[in-house]
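K.L.:
dropping the sequence and predicted coords here.
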Amino acid sequence: MGTLAGVGFSRHRNPKVAGTEAAKQALENGGFDEADFVFLFSTAG
């Protein structure tokens, strides 16, 4: 079994909205419905 990866990002100022948006993009771009592991980079607004 291989490793699947997806990438998502957001420029939204609200961290909750930005996280949700980026996670949805990553799942969609990776072609899967659920993640087993998440690696996140973030910066302060």
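P.N.:
Nice, thanks for sending it over.

K.L.:
look up phi and psi at the spatially most central residue of the chain.
P.N.:
Nearest to the mean C-alpha position of the chain, counting by CA atoms, centre = their mean, stands Ala23 at 2.9 Å. Taking degrees, to the nearest 10, you get phi -60, psi -40 for the backbone angles of Ala23.

K.L.:
likewise Gly30?
P.N.:
Per degrees, to the nearest 10, the backbone of Gly30 is at phi -80, psi -20.

K.L.:
so how far is Asn14 from it?
P.N.:
From Gly30 across to Asn14, the span is 24 Å (CB to CB, to the nearest Å). Quick note: C-beta positions are derived from backbone N, CA and C, even for glycine.

K.L.:
rewinding a little: okay, the residue nearest to the centre of the chain: pLDDT?
P.N.:
Note for Ala23: predicted pLDDT of 95.

K.L.:
rewinding a little: who's more crowded, Gly30 and Asn14?
P.N.:
Gly30 (14 against 11; other CB atoms under 10 Å).
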